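**Q** A structural model of the following input is requested.
(chains A and B)
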Protein chains: 2
Amino acid sequence: MHRVFVNSNSPRPVTIGILGGGQLALMLARTASQLGMRVHVLEPATNCPAQHAVAEFRSGDWSDPAILLEFAKDVDVITLENEFIGAGLLADLEQRGHVVLPSSKTMRLVQDKLVQKETLSRAGIPVVEFESVTSEQDLTRVSATLGFPFVLKRRTFGYDGTGNVTVSSAQELESAVQHLGGYKTGLYAEKWCPFTMELAIMITRSSTGETALYPVVESRQDNHVCSSVLAPADISDEVFNLAREMALRAVDAIEGVGTFGIEFFLLQDNVLLLNEIAPRVHNSGHYTLEACDCSQFENHIRAIRGLPLGNTELRSYAAMVNLLAKSNGSGAPCGIGEALAVPGARIHLYGKLRATPGRKMGHVTALGDSAEEALATATRAANCIHFEN
Amino acid sequence: MHRVFVNSNSPRPVTIGILGGGQLALMLARTASQLGMRVHVLEPATNCPAQHAVAEFRSGDWSDPAILLEFAKDVDVITLENEFIGAGLLADLEQRGHVVLPSSKTMRLVQDKLVQKETLSRAGIPVVEFESVTSEQDLTRVSATLGFPFVLKRRTFGYDGTGNVTVSSAQELESAVQHLGGYKTGLYAEKWCPFTMELAIMITRSSTGETALYPVVESRQDNHVCSSVLAPADISDEVFNLAREMALRAVDAIEGVGTFGIEFFLLQDNVLLLNEIAPRVHNSGHYTLEACDCSQFENHIRAIRGLPLGNTELRSYAAMVNLLAKSNGSGAPCGIGEALAVPGARIHLYGKLRATPGRKMGHVTALGDSAEEALATATRAANCIHFEN
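**A** Okay, the predicted model is just below:
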């Protein structure tokens, strides 16, 4: 029923294939639709947010080359809403003539966080001190170099604080390695980083080389999960410009095409380190839907189609608060009426059918005369909403 | 594949059923999705704009009570994107316990334009002089009462200038009746109305009785089809307030729930007549997507769910230009890159797979320091776009 109708008089509209069907895919799909494009989604899970708002949803394993290839055949460009699809699989698609953006090369440089750090470091971008860890011998050496505490991390598949362990003493070394799945999983270590603020910037780089930078925002975390974002961050012009310059050099270093979320640690004395690149639209850029002419989602779609990028200026101060589930439940939202009654609050719900503790179920954005005022508005609305047990 | 998965732990999200699958349904669907709701669409045509962006699309004849009932069973509330579904069919659904908003009563008072005029007139709202025409005898009498020229109209199913004939002399009477399908079609006549400006206002009335009024806009027409909209209209405060008051009384008179487009004729000496009610979101309200916190689409969804209505204030001056196809063709848009490069222009494409002369293929909105400046921006971008032959 949802197949694209094609005949000689009716060419199919441009079709975007998204690997991943979460809320990022959903918001990308809405933007693509506004530009007259269609969206297909491939996602292993069923009942994902994008499933019910796209032309075609395929439930399938994206680590299966045959399924990926079949998916690729029906779309004009493949893009990603997460960093979990092996770069090798994407390279296979490219070799068969399919367009994948961001490219397999970009994904290879980003999805292994050790390779990402090496790439950034090589490009002269300041990052936290890091070391590869492949054996007990390495770990002992690294403990001495970095000192306690340090952070032991998985090289791949970590997100929102998963895949990380803070090691405070030599006694904790072995259990940390065990917890992360052993040396074979692929590990590396980072020096403990006593930051004063976490910053983020969304940046879009088009297939034509054009770039568009959104403002630098503050990302506030709760248990390693972003709880709120303030736009712009309350930082000096020096740090603001430095972050933008580092973001530009970072997407250049990875030859990125699309929208990227660049996360930073701000340390004392205005020292700025690039923490991580998310090779996709990002939670810390949701505020752009209301606060900018052209959202991170629209600029992503424009970028991967080689279309001119849109205006990224802030219309006013803004803030975003994530709606995180507190417990297991059906995911049915309560208190929406109360939240919608908060003047200036913009409610976004992802339609998830299952709540689990900490799961992102939606977000609230507000504009204001200051970022803190916007945060207060968004928080007031967010506090009205809870998800059924 | 697109069926809603329901089990005891995963209740289905709120589901909106839209009768009609055009661009209005598409834009309603995007908003509903943002609020975590699902959308089902019933539409006789295939390859309609909303088809590829909703949870479920059913191609079916909405004049068939069985098909309507089957559709109604799977949704929480039924709403409409056009005025072409018989009020009697909607009343049948209501009698079986289904929620239809706007209600069958509202649709009965609106979809027959003679009944609509009588209803408005009875409520004391100024309308152009009109007369029922059921026979040649009527027509002769009406010609004398209204004088030439006057407008002969179909009571139902007219839109964008279809279903209307201007009669300039007694010689044209018979052919006008023939052209409209004869007396049995249901005809009425309106006095010629020498307006100086066409105005429109979007108004939302919730099932709770709450109302929200958007500003009064100017609607510019080309061959009876809206070509552009300027927000707000350049009119006196007196007319502005009068239009808002008449809109409030009109939705009250028809007991409307949802968003309604109210069209006015402004005559010399600030005489204002209500021309027509569109019982749905409306082309003249597309600008609200960019120019207001809460669009006409979001307020419609809120209204039919009894949720508090959102802010309808203008963020700045705005204008909208329709993208009308000039000739028959595939509907593939050209010049999108050039259009997107116009600073401040927001491009909306409906993904239609067939262009016919005058067909609405999309629209462009712009904000500006004046409505005319916004119009110039939107026009500049719109002029870049054409549709393939």
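**Q** and A:Leu307, that's in a strand?
**A** No. Looking at A:Leu307 with DSSP: H, G, I helix; E, B strand; the rest coil, it is coil, so not inside a strand.
**Q** number of nearby residues for it?
**A** Using other Cβ atoms under 10 Å in any protein chain shown, A:Leu307 is surrounded by 23 other residues. C-betas here are computed from N, CA, C, even on glycine.
**Q** the closest residue to A:Leu80 other than its chain neighbours: neighbour count?
**A** Spatially, and ignoring its direct neighbours in sequence, A:Leu80 is nearest to A:Leu19 (5.0 Å; Cβ to Cβ, 6 or more residues apart in numbering or on different chains). Neighbour count for A:Leu19, taken as other Cβ under 10 Å: 23.
**Q** next, the distance between the ends of stretch A:315-330.
**A** With Cα to Cα, to the nearest Å as the measure, the ends of stretch A:315-330 fall 36 Å from one another.
**Q** so the residue nearest to A:Leu80 touches A:Glu81, yeah?
**A** Yes. Contact between A:Leu19 and A:Glu81 holds when scored by Cβ atoms under 8 Å: they sit 7.0 Å apart.
**Q** mind listing what A:Val165 touches?
**A** A:Val151, A:Leu152, A:Lys153, A:Glu172, A:Ala176, A:His179, A:Leu180 (Cβ atoms under 8 Å, 6 or more residues apart in numbering or on different chains).
**Q** just list whatever residues bridge to the nearest residue to the fourth one once chain neighbours are set aside.
**A** So that's A:Glu172. Nearest residue to A:Glu172 in three dimensions, chain neighbours excluded: A:Val165, at 7.9 Å (Cβ to Cβ, 6+ apart). Beta-bridge pairing for A:Val165 (DSSP bridges): A:Leu152.
**Q** distance check, A:Val165 against chain B.
**A** 32 Å (Cβ to the nearest Cβ, to the nearest Å).
**Q** what does the stretch 51-200 of chain A have sitting close to chain B?
**A** Proximity of the stretch 51-200 of chain A to chain B, by Cβ under 8 Å from any Cβ of the partner chain, involves residues A:Gln51, A:His52, A:Ala53, A:Val54, A:Ala55, A:Phe57, A:Ser59.
**Q** and the last one, backbone torsions?
**A** A:Ser59 has phi and psi values of phi -90, psi 110 when expressed as degrees, to the nearest 10.
**Q** what about it, how many neighbours?
**A** 16.
**Q** could you do the second one as well?
**A** A:His52 has 26 neighbours, counted by other Cβ under 10 Å.
**Q** that one contacts A:Tyr350, correct?
**A** No. Taking contacts as Cβ under 8 Å, A:His52 lies outside contact range of A:Tyr350: 10.9 Å.
**Q** and the contacts of stretch A:141-152?
**A** For stretch A:141-152, using Cβ under 8 Å, 6+ apart, the contacting residues are A:129, A:131, A:133, A:139, A:164-170, A:173, A:176-177, A:180, A:187-192.
**Q** mark which of those are part of helices, please.
**A** In helices, defined here by DSSP state H, the members of those are A:Leu139, A:Leu173, A:Ala176, A:Val177, A:Leu180.
**Q** OK, contacts around the nearest residue to the first one once chain neighbours are set aside?
**A** The one in question is A:Leu139. With sequence-adjacent residues excluded and distances taken as Cβ to Cβ, 6+ apart, A:Leu139 is closest to A:Val133, at 5.4 Å. By Cβ under 8 Å, 6+ apart, A:Val133 lies in contact with A:Leu139, A:Val142, A:Leu152, A:Tyr183, A:Leu187, A:Tyr188, A:Ala189.
**Q** apply 10 Å and report the result again.
**A** A:114, A:139-143, A:152-153, A:155, A:177, A:180, A:183, A:186-189 (Cβ atoms under 10 Å, 6 or more residues apart in numbering or on different chains).
**Q** same deal with A:Leu242?
**A** Counting by Cβ under 10 Å, 6+ apart, the residues that A:Leu242 touches are A:Pro126, A:Leu199, A:Val216, A:Ile235, A:Ser236, A:Phe264, A:Leu266, A:Asn270, A:Val271, A:Leu272.
**Q** tell me the pLDDT at it?
**A** Here, the pLDDT recorded for A:Leu242 equals 97.
**Q** secondary structure element holding it?
**A** helix A:237-253 (DSSP states H and E).
**Q** partners of the helix or strand harbouring A:Pro215 in the sheet?
**A** Using DSSP H and E, A:Pro215 sits in strand A:211-222. Using DSSP bridges, the strands paired with strand A:211-222 are strand A:197-205 (antiparallel), strand A:225-231 (antiparallel).
**Q** average pLDDT for the strand or helix carrying A:Gln137?
**A** In this structure, A:Gln137 sits in helix A:136-146 according to DSSP H and E. For helix A:136-146, the mean pLDDT works out to 95.
**Q** tell me the angle of it relative to helix A:173-180?
**A** 110 degrees (axes from the mean of the first three to the mean of the last three Cα atoms, to 10 degrees).
**Q** so which bits of helix A:136-146 are buried?
**A** Under the neighbour-count criterion of 16 or more other Cβ atoms under 10 Å in any protein chain shown, helix A:136-146 has A:Asp138, A:Leu139, A:Val142, A:Ser143, A:Leu146 buried.
**Q** ditto for stretch A:172-185
**A** A:Glu172, A:Leu173, A:Ala176, A:Val177, A:Leu180.
**Q** and the fourth one, what pLDDT?
**A** Going back to what we said before, that points to A:Val177. Predicted confidence (pLDDT) for A:Val177: 95.
**Q** quick check, it in contact with A:Tyr183.
**A** Yes. Counting by Cβ atoms under 10 Å, A:Tyr183 is a contact partner of A:Val177 at 6.5 Å.
**Q** what residues do the two have in common as contacts?
**A** With Cβ under 10 Å, 6+ apart, A:Val177 and A:Tyr183 have common neighbours A:Val133, A:Ser135, A:Glu136, A:Leu139.
**Q** where along the stretch 1-150 of chain A do the strands fall?
**A** A:15-19, A:38-43, A:56-59, A:77-80, A:130-133, A:150-154 (DSSP state E, counting those that start in this stretch).
**Q** low-confidence bits of the stretch 101-250 of chain A, can you list those?
**A** In the predicted model, the stretch 101-250 of chain A carries pLDDT under 70 at residues A:159-161.
**Q** helix, strand, or coil at the residue in it positioned nearest to chain B?
**A** Residue nearest to chain B within the stretch 101-250 of chain A (Cβ to the nearest Cβ): A:Thr208, separated by 9.7 Å. Following three-state DSSP, the label given to A:Thr208 is coil.
**Q** you'd agree it is up against A:Leu101?
**A** No. Contact criterion Cβ under 10 Å: A:Thr208 and A:Leu101 do not qualify, at 11.9 Å.
**Q** now for the two: what residues contact both?
**A** The contact lists of A:Thr208 and A:Leu101 share A:Val257, A:Ala303, A:Gly306, where a contact means Cβ under 10 Å, 6+ apart.
**Q** can you pull the phi/psi pair for the one residue in the stretch 251-389 of chain A that gets nearest to chain B?
**A** Relative to chain B, the nearest point of the stretch 251-389 of chain A is A:Leu349 (2.8 Å; Cβ to the nearest Cβ). The phi/psi pair for A:Leu349 (degrees, to the nearest 10) reads phi -120, psi 140.
**Q** who is it paired with across the strands?
**A** A:Gly362, B:Leu35.
**Q** quick one: pLDDT of it?
**A** pLDDT, A:Leu349: 97.
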